[in-house]
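[1] kindly generate the corresponding structure for this input.
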Amino acid sequence: MFFKDKGPSASSGTLGINSVAYRQALDNINSRALARRSKVLPQNALLDADDLPLCESYIDQIRNLGGKLVEKSRWLNAASFYLSSEQISAAVLLAFVKEIKPVTRFRSKHVDDLLPSSNQSFQKLSSLDYGSSFDQVQMISVPVLHDLGITGRGILVGMLDAGFRWKVHEALQTRHIIAEHDFINNDDNTANESNDAYNQDEHGTLTFSVIGGYKQGKLIGPAFDADFILGKTEYVPSGYNDYHWEEDKWAAAIEWMEGNGVDVVSSSVGYNTFLDGVDYTWEHRDFDGRTSVVAKAAAHAARLGVVVCNSMGNEGHGIDTDTVGTLLTPADADSIISVGAVMFSRRLWYLSSQGPTSDGRIKPEITAPGVHIYHASVPGPNTYGYSDGTSLATPLAAGAAALLLSARPELTPIQVRDALCSNADTIDTGTYPSRPNNFTGWGLVNAFNAVLSFGPVFSNKPTASIETNLNTISTVVISKFGINPATVYFHYNVGTDSMLGSFPMMIDSSMFYQTSGRYKVTIPQQAFRTPIRFYIEAKDSALNYYRSPAPITGSQWLIYYGDTGVRISPTIPERFSLKQNYPNPFNSGTMINFDLPQREHVVIKVYNFLGQLVTTILDDMQDAGDAQLRQPIMFDGSNVPSGVYFYRIITPSFSSTKKMILIR
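    The predicted structure follows:
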């Protein structure tokens, strides 16, 4: 059921940052999501009416007719209900109802061929022991990135699947899960529950382990160092997998993940119709990326800065056929990365679904290994197996996207997609040798080439050591153009001193290119536990510049002298906050400070008790950081009378006002 608006007095379009509607929308959007959106949207348009909740009065009126709510979608301004034909006839007459459509009859497709485990061993060429997972990550050039210290750190990956038995498996229980939600049972447990089929959480456990599993000697996924958020959306009753509401659950889950700041979504599910279905058919040209609920939701998430990776499906007929258009939705969505499967022989897997979409766009974008892929399996804690399918290829491709973003967090979804496509290895299809084509897209993912396609990259995090009682900092910096050694500099400040010192870093060991590799520097002797804040910069021979931490973070690295733990500084707060001035009351001057979770333009104004503007004390771009490490802003009250004053902070994403008292 689609509604005409979000309430009689609800806002439309972009939401003003001082509006009640803006504050309503923020209930579903955290600061991490706002920071990610700022890569693709103007600072004054980070929230709009699509972020507002549905009008609860409308929902209640449908319930009063006897409707049973299934799911809600802010982005579509729609909700799904169980309704009888009589109830539908009554609902369609309601003034706020725009359209009622029957939920499409479809079959969800995500179950791949499960194969028995084997004792096959693989050559180990990396500092990590990948065990039987080596070939699948090596084929997309991941181990070399891990050796460079690019491991997915700082990236939030969302997994959409049928359930996740991660808490009991040795390859998953050590991973960092920031949130999980079961959209079937509406609780926060994505593992099997009493009413679930025995294999409900099998497929999600499998796909999660392929991208993020970590057990030395057994299984290491490409983005093992990322953070994860899990959504259980697919219902798998024993022997039968046709339920009408799963698509709505998928859309609700990706909305939830986007609001929680997810960077990459890996979805190994897809939908098509029964043979006797009337919706989502190729005859009606419904696989156009604009018809299904899930395709609309996937494209919307991409427009908000999320890299969405979805499996093509296992409906293919091989390459020597004239049959085209067998992909599932939401792989038909625009602006996402649809993933096909190839074999270790670098040939197309014959069941990998193919494009084009109904409106003629090439699909897939890329391919990844999808045959005989090693993964964790249920029940655990140390069970493993092999499977075939685009469900396995997708988390490998999504892992490559996460590695690219961890090295270059400023990239937009389109830049990530283009980098993966333009740097993919050619897959010779024989019949269709040109690329892109509707069987293998642009080719096989090459994560290493994609990461290096933008100039210098650093390890996700520098390392610290103690050598002859002095702190030494090292990091890998690499560029395919070759690093200019004279430009690799360590900039630092000591304690609360705002003045930076600088030292050139010296190459310690070369990697891949003569001047690329590990650079190190020794910090001059300081008192034990003195805080040292620093960043590292470099240029390559093509004059491309980059620094660590990434410039978009507006932050520095922090180490306490004599320690080996490196952390980010300033600490990036979760939410905006205007602090109470100090001292308060004050007799001449007072200090004002604030938490800022992302780099934004900040204005702070002071008003008198009558609401008249006294002065503007800040009007400038400010880096992300918390108030404890930020230089406070001073208000000089020496030229104004005693009394009550108000100070107000305004950013594109936040506004707040507090009171202060001046006493002579």
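
[2] for Gly355, give its distance to Pro364.
    Computed as CB to CB, to the nearest Å, the Gly355 to Pro364 distance reads 7 Å. The way it works is simple: take the backbone N, C-alpha and C, and place the C-beta from them, glycine included.

[3] repeat for Thr440
    In terms of CB to CB, Thr440 sits 7 Å off from Pro364.

[4] same check, this time on Ala538
    Relative to Pro364, and taking CB to CB, Ala538 is found at 35 Å.

[5] give me the domain ranges for this structure.
    Following automatic domain parsing, the chain resolves into domains at 2-101, 130-453, 457-569, 577-662.

[6] reformat these as a markdown table; add mean pLDDT.
    Output for those, formatted as a markdown table (pLDDT from 0 to 100):
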| stretch | mean pLDDT |
| --- | --- |
| domain 2-101 | 91 |
| domain 130-453 | 92 |
| domain 457-569 | 92 |
| domain 577-662 | 89 |
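
[7] let me know which of those is tucked in deepest.
    Stretch with highest mean neighbour count among the domains of the chain: domain 130-453 (a mean of 23; mean count of other CB atoms under 10 Å).

[8] now the end-to-end length of that domain.
    Its start and end residues considered, domain 130-453 measures 26 Å (CA to CA, to the nearest Å).

[9] chain center to it: distance?
    Remark: domain 130-453 is offset 13 Å from the chain centroid, using CA atoms, centre = their mean, to the nearest Å.

[10] and for Gly355 and Pro364, which residues touch both?
    Leu327, Ser338 (CB atoms under 8 Å, 6 or more residues apart in numbering).

[11] hmm, back to that, now for Thr440 and Pro364: what residues contact both?
    Joint contacts of Thr440 and Pro364 (CB under 8 Å, 6+ apart) are Gly340.

[12] the chain: helices as residue ranges?
    20-25, 31-37, 56-64, 85-91, 134-138, 143-147, 202-212, 246-259, 293-303, 390-407, 413-422, 447-451 (DSSP state H).

[13] and those helices: which comes nearest Pro652?
    Ranking the helices of the chain by proximity to Pro652 (CB to CB) places helix 31-37 first, at 8.9 Å.

[14] put the alpha carbons of the closest one into CSV.
    Output of helix 31-37 as CSV, limited to C-alpha atoms (Å, rounded to 0.1, in the frame of the first residue of the first chain):
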residue,chain,number,x,y,z
SER,A,31,26.2,10.3,12.3
ARG,A,32,28.1,7.6,10.4
ALA,A,33,25.3,7.5,7.8
LEU,A,34,25.4,11.3,7.5
ALA,A,35,29.1,11.2,6.9
ARG,A,36,28.8,8.6,4.2
ARG,A,37,25.9,10.5,2.5
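
[15] what's that helix packed up against?
    Helix 31-37 is packed against no helix or strand, with contacts defined by 3 or more CB pairs under 8 Å, 6 or more residues apart in numbering; DSSP states H and E.

[16] other residues contacting that helix?
    Residues contacting helix 31-37 (CB under 8 Å, 6+ apart): 46-47, 156, 258-263, 304-306, 573-576, 597-598, 624, 653.

[17] contacting residues around Arg346?
    Going by CB under 8 Å, 6+ apart, the list of residues near Arg346 reads Asp425, Ile427, Asp428, Leu444.

[18] do you know how far it is from Gly443?
    Applying CB to CB to Arg346 and Gly443 gives a distance of 10 Å.

[19] likewise for Gly212?
    Gly212 is 24 Å from Gly443, by CB to CB.

[20] repeat for Ile663
    Taking CB to CB, one finds Ile663 at 71 Å from Gly443.

[21] ok, which stretches of the stretch 551-664 of the chain are strands?
    In the stretch 551-664 of the chain, strands defined by DSSP state E, counting those that start in this stretch lie at 556-560, 567-569, 577-578, 589-592, 594-595, 600-608, 613-622, 633-636, 643-651, 654-662, listed in chain order.

[22] which helices and strands sit right next to the second one?
    In other words, strand 567-569. strand 556-560.

[23] run the chain-centre distance for the strand it packs on.
    25 Å.

[24] export it to CSV, keeping only CA atoms.
    Extracted in CSV, the C-alpha atoms of strand 556-560 (Å, rounded to 0.1, in the frame of the first residue of the first chain):
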residue,chain,number,x,y,z
GLN,A,556,45.3,12.1,13.0
TRP,A,557,46.9,9.0,14.5
LEU,A,558,47.6,9.0,18.3
ILE,A,559,50.2,7.1,20.2
TYR,A,560,51.3,7.4,23.8
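
[25] partner strands of it and their direction?
    Strand pairing for strand 556-560, determined by DSSP bridges: strand 531-539 (antiparallel), strand 567-569 (antiparallel).

[26] columns distance to Asn449 on top of those strands, output as JSON lines?
    JSON lines is the format used below for those (distance: least, CB to CB, whole Å):
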{"stretch": "strand 531-539", "distance to Asn449": "20"}
{"stretch": "strand 567-569", "distance to Asn449": "28"}
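
[27] out of those, nearest to Ala223?
    Comparing those under CB to CB, the one sitting nearest is strand 567-569, at 18.8 Å.

[28] return the residues in contact with the nearest residue to Tyr58 once chain neighbours are set aside.
    Nearest residue to Tyr58 in three dimensions, chain neighbours excluded: Phe96, at 5.1 Å (CB to CB, 6 or more residues apart in numbering). Taking CB under 8 Å, 6+ apart, we find Phe96 in contact with Phe3, Lys4, Asp5, Cys55, Tyr58, Gln61.

[29] now with 6 Å, please.
    Taking CB atoms under 6 Å, 6 or more residues apart in numbering, we find Phe96 in contact with Phe3, Lys4, Tyr58.

[30] to Gly380, which of the strands paired with strand 556-560 lies closest?
    Nearest to Gly380 among those is strand 567-569; the distance by CB to CB comes to 32.4 Å.

[31] what's the closest one in contact with?
    Residues external to strand 567-569 that are found in contact with it (CB under 6 Å, 6+ apart): Arg533, Ser555, Gln556, Leu558.

[32] now with 10 Å, please.
    Residues outside strand 567-569 that contact it (CB atoms under 10 Å, 6 or more residues apart in numbering) are 154, 461, 531-535, 549, 553, 555-560, 624-626, 629.

[33] bridge partners for the nearest residue to Phe534 once chain neighbours are set aside, pull those for me.
    Ranked by CB to CB, 6+ apart and with sequence neighbours excluded, the top spatial neighbour of Phe534 is Tyr492, at 3.8 Å. Counting by DSSP bridges, Tyr492 forms beta bridges with Gly501, Phe534.

[34] wouldn't Tyr492 be in contact with Val521 here?
    Yes - the pair Tyr492 and Val521 qualifies as a contact (CB atoms under 10 Å) at a distance of 9.0 Å.

[35] give me the common contacts of those two.
    Ile473, Ser502, Phe503, Phe534, Ile536.

[36] which among these gets closest to Pro369?
    Ile536 (34.5 Å).

[37] next, the contact list for the closest one, please.
    Contacts of Ile536 by CB under 10 Å, 6+ apart are 458-459, 462, 473-475, 477, 488-492, 505, 519, 521, 546-549, 556-557.

[38] before we move on, what about Ala179?
    Leu156, Gly158, Asp188, Asp227, Phe228, Ile229, Leu230, Gly231, Trp256, Met257, Asn260, Val262.
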